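[1] Just to be clear, the model below is a prediction. Sequence and coordinates:
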Amino acid sequence: MAQALGERSSQKAAVQEATRAPGDTSTAALGSEGPSVTAASPQVERKIAATTWRPRHLAWMLSLPFLAFLVLPLAALVLRLPPERLISSLSSRQVVQAVALSMATTLVTTAVTICFGTPVGYLLARRRFPFRRVVDTLVDLPTVLPPAVAGVALLMAFGRRGILGGALGAWGIQIPFSWVAVVMAQTFVASAFYVKAAALGFAGIDPALEQSAALDGAGSWQVFRHVTLPLAWSALLSGAVMTWARALGEFGATMIFAGNYPGRTQTMPLAIYLGFELDLNVALTLAVILVGCSFLVLMVVKGILHREVHEGVGG
């Protein structure tokens, strides 16, 4: 064993001697009594760079197939639709109606989710109560349910023969196959994204800050409005955007519960589905609009959150 250790020591010394430039004053050249921190020679720096580029380039090489898999279909949409066809399809009545209905219903869905989802997120973040895990799971359930199942469930609850459909019909209220059904389907499927983001945002706030405001005489609503909401706004914003984006792309639940009636319940995803049978240019145009809107909104929100993080670190 002593002989093996001696051989290793001699090999290490040989490597250090080979990598040391002429006139090098490193610790190895000066012996154990030399300085503890020295500048690396150009040869050593080149050897270090040669050994570190491989992991970086290997990570890029392994990432390229997945990135190409994401980019290729999106690029195919744009390349398949010439600019002149895109411009002509934008004036189509079907496209205008689908875009207008989608924007209107998703904005209503987002507003409803913020109003009714914020208390749920706060409850999950700040309160410990029986069956809390059941409630938390119930909030997450629509995100993993197939959209078609969500549509059937809504129809069985609010349809004409549903649990509440008869009572609502007696009052002259017909929800299925209306724009209200579109909003309900979108809310059922997409609201969990906001609620979970809100819960994470509220849970990340230091209670001492709220207690300090309460000691200064602020009421519960004042503390929530002036302390809690400003501190959690980034999480609330990201959750609202994710809810809007998910609602914009909702298809299955809307198809079953609201139907596919142009100008009344036909959102952009439903118009794309119908466009494959009637007019492919309309389908491609709406698909490009959906991709562009989603990408731009996500980029804007990520930019805002990135700036906030850097300002927080700088402060």
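    Nice, thanks for sending it over. Numbers count the residues shown, from 1 in each chain.
[2] where does the protein have low pLDDT?
    1-41, 43-56, 308-315 (pLDDT under 70).
[3] in it, which residue is closest to the centre?
    residue 242 (5.6 Å; C-alpha atoms, centre = their mean).
[4] Remind me what whichever strand or helix holds it packs against, helices and strands.
    For residue 242, the host element (DSSP states H and E) is helix 229-248. Under the contact criterion of 3 or more C-beta pairs under 8 Å, 6 or more residues apart in numbering; DSSP states H and E, helix 229-248 touches helix 93-126, helix 179-203, helix 280-314. The way it works is simple: take the backbone N, C-alpha and C, and place the C-beta from them, glycine included.
[5] Heading C-terminal from that helix, find the next helix or strand.
    Defined by DSSP H and E, the subsequent element after helix 229-248 is helix 252-257.
[6] Buried residues, the helix or strand following that following helix. List them.
    Downstream of helix 252-257, the first helix or strand assigned by DSSP H and E is helix 268-278. Under the neighbour-count criterion of 16 or more other C-beta atoms under 10 Å, helix 268-278 has 268-272, 274-275 buried.
[7] how far off helix 179-203 does helix 268-278 point, in degrees?
    Per axes from the mean of the first three to the mean of the last three C-alpha atoms, to 10 degrees, the angle that helix 268-278 makes with helix 179-203 is 130 degrees.
[8] one step back: dump the buried residues of helix 268-278 to CSV, plus distance to residue 98.
    Shown next, in CSV, are the buried residues of helix 268-278 (distance: C-beta to C-beta, whole Å):
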residue, distance to residue 98
268, 5
269, 9
270, 7
271, 4
272, 8
274, 9
275, 9
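[9] with the residues you listed in mind, which one is nearest to residue 123?
    Closest approach between these and residue 123, by C-beta to C-beta: residue 269, at 32.0 Å.
[10] and the gap between the spatially closest residue to that closest one that is not a sequence neighbour and residue 190?
    Excluding its sequence neighbours, the residue lying closest to residue 269 (C-beta to C-beta, 6 or more residues apart in numbering) is residue 251, at 4.1 Å. Applying C-beta to C-beta, to the nearest Å, the value for residue 251 to residue 190 is 12 Å.
[11] If you count surrounding residues, which of the two has more?
    residue 190 (25 against 19; other C-beta atoms under 10 Å).
[12] Can you give me the buried ones in stretch 114-130?
    114, 117-118, 120-125.
[13] Now for the closest residue in space to residue 165 that isn't next to it in sequence: which residues touch it?
    Nearest-residue entry for residue 165: residue 159, 4.8 Å, with adjacent residues in sequence omitted and distances by C-beta to C-beta, 6+ apart. With contacts taken as C-beta atoms under 8 Å, 6 or more residues apart in numbering, residue 159 has the following neighbours: 165, 175-176, 257.
[14] How about residue 94?
    262, 266, 271, 275, 279, 282.
[15] and what of residue 220?
    residue 214.
[16] what's around residue 254, how many residues?
    That count, for residue 254 with other C-beta under 10 Å as the rule, works out to 28.
[17] likewise the one 10 residues further on?
    Residues within reach of residue 264, counting by other C-beta under 10 Å, total 15.
[18] Nearest spatial neighbour of it, chain-adjacent residues omitted?
    Residue nearest to residue 264 in three dimensions, not counting chain neighbours: residue 179, with 6.5 Å by C-beta to C-beta, 6+ apart.
[19] from what I can see the one you found touches residue 265, true?
    Yes: with contacts counted by C-beta atoms under 8 Å, residue 179 reaches residue 265, the gap being 6.3 Å.
[20] Give me the common contacts of the two.
    101, 258.
[21] Between these two, which has more neighbouring residues?
    Each of residue 179 and residue 265 has its neighbours counted (other C-beta under 10 Å); residue 265 has more, 23 against 17.
[22] Contact partners for that one?
    With C-beta under 8 Å, 6+ apart, residue 265 has these contacts: 101, 177-179, 181-182, 254, 258-259.
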